[in-house]
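Trainee: Pasted the sequence and its predicted model underneath.
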Amino acid sequence: MDLILDENVKAYGTHFRGFTPEEIAEQTIDKIIYIGNESHPAIRDQALAFKDHIHAELIKAMKQAVVSDRLTLKHRFTDAGHPELTKLLEN
């Protein structure tokens with residue numbers, strides 16, 4: 001869920017959960033790649049295709065980061081003598 005305060009400021013929130021990789025990528029992509037309204041149509045089309053590609057790569061990388069972090073937490077819980085807590089990390 002996002003709230004647009006003005007054209008340059010957005011506030012994002014969720015209800016009883018964190019943000020998904022897709023939501024974070026959506027919030028981040030415009031900060032990485034800006035395409036001006038006055039851009040030549042051919043350049044704009046190429047930039048939009050590039051932006052879509054980077055967006056997809058961001059999502060893949062963030063999903064892998066989540067999997068990696070959960071694996072780290074599973075090992076830490078197990079090493080601390082609480083293997084039953086690893087079930088909380090499963091989707």
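Mentor: Here it is on my side, so go on. Because the structure is a prediction, the values reported are computed rather than measured. Numbering: from 1, shown residues only.

Trainee: Quick check: D52 vs L58, distance?
Mentor: 11 Å (CB to CB, to the nearest Å). Where C-beta positions appear, they are placed from N, C-alpha and C, glycine not excepted.

Trainee: more crowded one of those two?
Mentor: Taking neighbours as other CB atoms under 10 Å, D52 and L58 compare with L58 leading, 18 against 12.

Trainee: Could you verify my assumption that that one touches T28?
Mentor: Yes: the pair L58 / T28 is scored as a contact, 6.5 Å apart, by CB atoms under 8 Å.

Trainee: Regarding the spatially most distant residue from the centre of the chain, what is its secondary structure?
Mentor: Relative to the centre of the chain, the most outlying C-alpha is that of G81, 32.0 Å out, by CA atoms, centre = their mean. Following DSSP: H, G, I helix; E, B strand; the rest coil, the label given to G81 is coil.

Trainee: quick one, phi psi at it?
Mentor: Per-residue torsions, G81: phi 90, psi 20 (degrees, to the nearest 10).

Trainee: do Y12 as well
Mentor: Per-residue torsions, Y12: phi -120, psi 150 (degrees, to the nearest 10).

Trainee: Next one: it from A25, what distance?
Mentor: Distance, Y12 to A25, by CB to CB: 12 Å.

Trainee: Understood, closing this out.
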